[in-house]
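1. Would you be able to build a 3D model of this:
(one chain, ligands or ions: 1)
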Amino acid sequence: MRFSSTRAAAPPVGFSAALVQGLAPDGGLYVPQQWPQPALALLPDASKLPAVAEQFIAPFAQGDALAGEVGAITREAFNFPAPLVPLDADGRLGVLELFHGPTAAFKDFGARFLAACLTRIRQGQARPLRILVATSGDTGGAVAAAFHRQPGIEVVVLFPKGLVSPTQQQQLTCWGDNIVSLAVQGTFDDCQRLVKEAFLDPTMRAEAELSSANSINLGRLLPQAVYYAATSLSVWRRHGEKASFIIPSGNLGNSVACLWARQMGLPIGDIVLAHNANRTVTDYLESGTLRPRPSIATLASAMDVGNPSNLERMTALFPDAATLGAALSAVSISDAQIRARIRTDFAARGQVWCPHTATAAEAYEGLAPQRKASGRWVLVSTAHPAKFREIVEPLIGQRVAVPENLRRLFELPSRFSQIPATLAALRAAIGQG
Ligand SMILES: *Cc1c(COP(=O)(O)O)cnc(C)c1O
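-> Below you'll find the model as predicted:
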């Protein structure tokens, strides 16, 4: 299998090269040249997620150096479940819990898969691989957790000092060993600028191979398609109906994965993107004109994206607003609606949502009654509410129970250095001053 750039000005590459490069040299994103159609009857049950992952991903690695390792990689990456929990008696509504990994958000799937691949690709190389991650929250924690103590790889996490919540900061700074955490005196944009400058800096490139692990990497998208495949199959096998997904969306990586799974013949019905107040996608579908804009800060901060990178992968499949709008729909949910939904669903059914998942729950409530009644709806829960306890606890008026995976992280000592937002300071902090 080869992967082409969405901008078509770079040569197609194989699986390993697409993962190592992240972004194609022409600035585009890698997409598969074909859509394998797995034999659905042969795919294992959703309870055997690593086995589903192996069969689902194997065709993409065909012909690549990693082809023989897909089984070991998927067993390593998919070592926690993605349960579909029913929310009503007849199973018309359920929640897909993607927060049972080490940092309690769906990004653990992609980060762990990418780490399992890159560690193998880099084996035996003299130069270390240094992964730079600018993060405003969830990504940095998932990437740090996935690469922690992986040989030959170092991760540098840059986050804006004072602009992430105390709970998030703990997940970015509790690692040590091969993870360097840096609180940058600046904004998230300064962190991103520093990463870009580092990539252009000959001194930094000389000592280590630089890479990024952000959500445009193909190695983070493919594993996300696996839980849509497994879930839709289990709904199909049990009820003989397609599953429709409501996905809290920001940079669109999670929703592209769902589109890809449907492209590959999985029994997926409607796809609804639940956005926060960042309306770029909803406005595009309504007006037909794409107008990227600066992001707005909301309660669902991991979705604060005004110019979603993965839209390019969607338009590679559905080139204009009309065709994309026929393939999926999108709604925008305000902070007031997020707050009200968290309160209401806690009072009505004891269900505690994180602010991101609450956008999906609210989007579901907004569906026409006929559409609700005729579908098998799955709310995609992208994070555990305990990750956002500063927001959730005042709304529900009580403490959120912290799951074991997060409790462990909360108890580790926090270690980080503070740096001004300059390349010289970054170099000094990682020992290249
Ligand atoms: C990253 C993230 C999202 C948005 O996912 P995209 O793939 O960027 O659309 C939603 N919820 C949570 C909790 C996240 O961390």
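2. Show me which residues of the stretch 301-433 of the chain sit near the ligand.
-> 302, 303, 356, 382, 383 (CB under 6 Å from any ligand atom). Every residue, glycine included, has its C-beta placed from N, CA and C.
3. Which helix or which strand is home to the third one?
-> Taking DSSP states H and E as the definition, residue 356 sits inside helix 355-365.
4. who's in contact with residue 107?
-> 138, 139, 142, 143, 215, 220 (CB atoms under 8 Å, 6 or more residues apart in numbering).
5. just residue 89 next, same as before
-> Neighbours of residue 89 in contact, by CB under 8 Å, 6+ apart: none.
6. and what of the one 4 residues further on?
-> Taking CB under 8 Å, 6+ apart as the contact definition, residue 93 lies against 86, 87, 364, 372, 377, 378, 379.
7. With just CA atoms, put stretch 49-60 into CSV.
-> Output of stretch 49-60 as CSV, limited to C-alpha atoms (Å, rounded to 0.1, in the frame of the first residue of the first chain):
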residue,chain,number,x,y,z
LEU,A,49,-9.9,-5.3,19.9
PRO,A,50,-6.2,-6.1,19.2
ALA,A,51,-7.2,-8.9,16.8
VAL,A,52,-9.7,-6.6,15.0
ALA,A,53,-6.9,-4.0,14.8
GLU,A,54,-4.4,-6.4,13.4
GLN,A,55,-6.7,-7.5,10.5
PHE,A,56,-8.0,-4.0,9.9
ILE,A,57,-4.5,-2.4,9.7
ALA,A,58,-2.5,-5.2,8.0
PRO,A,59,-3.5,-4.2,4.4
PHE,A,60,-2.1,-0.7,5.0
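8. Return the distance of that stretch from the chain's centre.
-> Chain-centre distance of stretch 49-60: 18 Å, with CA atoms, centre = their mean, to the nearest Å.
9. Now do it, average pLDDT.
-> Averaged across stretch 49-60, the pLDDT comes to 97.
10. buried sites along that stretch?
-> 49, 50, 51, 52, 53, 54, 55, 56, 57, 58, 59, 60 (16 or more other CB atoms under 10 Å).
11. Secondary structure and distance to residue 238 for those residues - can I get that in a markdown table?
-> Output for these, formatted as a markdown table (DSSP: H, G, I helix; E, B strand; the rest coil; distance: CB to CB, whole Å):
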| residue | secondary structure | distance to residue 238 |
| --- | --- | --- |
| 49 | helix | 17 |
| 50 | helix | 21 |
| 51 | helix | 18 |
| 52 | helix | 16 |
| 53 | helix | 20 |
| 54 | helix | 23 |
| 55 | helix | 20 |
| 56 | helix | 19 |
| 57 | helix | 24 |
| 58 | helix | 26 |
| 59 | helix | 26 |
| 60 | helix | 28 |
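12. Help me confirm that residue 257 comes into contact with residue 225.
-> Yes: applying CB atoms under 8 Å as the test, residue 257 and residue 225 come out as touching, 4.2 Å apart.
13. Generate a ChimeraX selection restricted to the buried subset of the residues of the stretch 301-433 of the chain next to the ligand.
-> Burial among these is assessed by 16+ other CB under 10 Å; the matching ChimeraX selection reads:
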select :302,303,356,382,383
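14. now the strands for this protein?
-> 3-5, 30-32, 84-86, 93-97, 129-134, 153-160, 179-185, 209-212, 243-248, 268-275, 329-332, 376-381, 417-420 (DSSP state E).
15. distance of residue 263 from the ligand?
-> Computed as CB to the nearest ligand atom, to the nearest Å, the residue 263 to the ligand distance reads 17 Å.
16. Count the residues that sit near that residue.
-> Applying other CB atoms under 10 Å, we find 16 residues neighbouring residue 263.
17. picking that back up, any chance of the strands of the chain in TSV, plus distance to residue 200 and mean pLDDT?
-> Converted to TSV, the strands of the chain look like this (distance: least, CB to CB, whole Å; pLDDT from 0 to 100):
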stretch	distance to residue 200	mean pLDDT
strand 3-5	20	97
strand 30-32	22	97
strand 84-86	45	97
strand 93-97	40	98
strand 129-134	12	92
strand 153-160	16	94
strand 179-185	18	97
strand 209-212	10	86
strand 243-248	34	98
strand 268-275	33	98
strand 329-332	35	98
strand 376-381	37	98
strand 417-420	18	97
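18. which stretch among those strands comes nearest residue 391?
-> With CB to CB as the measure, strand 243-248 is the member of the strands of the chain nearest residue 391 (14.3 Å).
19. And the ligand, is that closest one touching that?
-> Yes: residues of strand 243-248 are located near the ligand by CB under 6 Å from any ligand atom, namely residue 248.
20. Please export the C-alpha coordinates of that strand as CSV.
-> Provided in CSV are the C-alpha atoms of strand 243-248 (Å, rounded to 0.1, in the frame of the first residue of the first chain):
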residue,chain,number,x,y,z
ALA,A,243,-24.4,2.3,13.9
SER,A,244,-24.5,6.1,13.6
PHE,A,245,-21.8,8.1,15.4
ILE,A,246,-21.8,11.5,17.0
ILE,A,247,-18.2,12.6,17.4
PRO,A,248,-16.9,15.5,19.5
